[in-house]
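1. Provided below for reference: sequence and predicted model.
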Amino acid sequence: KSGIGQCNNKNNLFVALLRATGYKARIHFGEIRKEILRGLISNNIYNRLPATLSHSWIEVELNGDWKRIDTHILDKKLFLGAKRALKNTNWDMGYAVANISISDFVLHDKLNPGTPIIPKDHGTWDDPMLYYESDQYIKPGLLSKILYLPLAARVNAKLNKLRHESRS
């Protein structure tokens, strides 16, 4: 409802909702290239980020098969504004989207980790807290923790601007 949060927050909630309604669901973790954040944060902060960041998506079991869901993170207005902004650059990723991103709800058989967008696969986890405590999770450093709230406010303002520009 508030339009804020990132993939890990939203996926934790989504899995809980799916499970509460009787579906088998889990979170699949991996790493995504930091370029996904281009245009949303200052170059000074962007240049200090590691090459990859933690990313997650949902898997839900339907008729005995696990299906991937990764199109629910961005609302439609934000998605359209971000794609418009990305089109005005020479980037393949930025503004929280990639050139190949879609926003329509689609169930996929698999994500194909190992692609240029998702270079590392960390597997599926029934309990996300175990993943966050594992060595695979890219833990934020002290500077990231200190800057998170002020940075989040700026990023959310940019995301809201992209939402507004999607209607232009």
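-> Perfect, I can see it now.

2. For residue 19, list the residues it contacts.
-> residue 25 (Cβ atoms under 8 Å, 6 or more residues apart in numbering). Quick note: C-beta positions are derived from backbone N, CA and C, even for glycine.

3. Which strands and helices lie in contact with the biggest strand by length in the chain?
-> Counting by DSSP state E, the longest strand found in the chain is strand 52-62. Here strand 52-62 touches helix 7-20, strand 25-33, strand 65-69, going by 3 or more Cβ pairs under 8 Å, 6 or more residues apart in numbering; DSSP states H and E.

4. Just say which of the ones you listed is most tucked in.
-> When you average the neighbours per residue for each of the helices and strands packed on strand 52-62 (mean count of other Cβ atoms under 10 Å), strand 25-33 leads with a mean of 21.

5. hey, where'd the helices end up in this protein?
-> In the chain, the helices defined using DSSP state H lie at 7-20, 43-46, 76-87, 128-132, 142-165.

6. who wins for proximity to residue 29 among those helices?
-> Closest to residue 29 of the helices of the chain, according to Cβ to Cβ: helix 128-132, at 5.3 Å.

7. pLDDT of the closest one, averaged?
-> Throughout helix 128-132, pLDDT has a mean value of 92.
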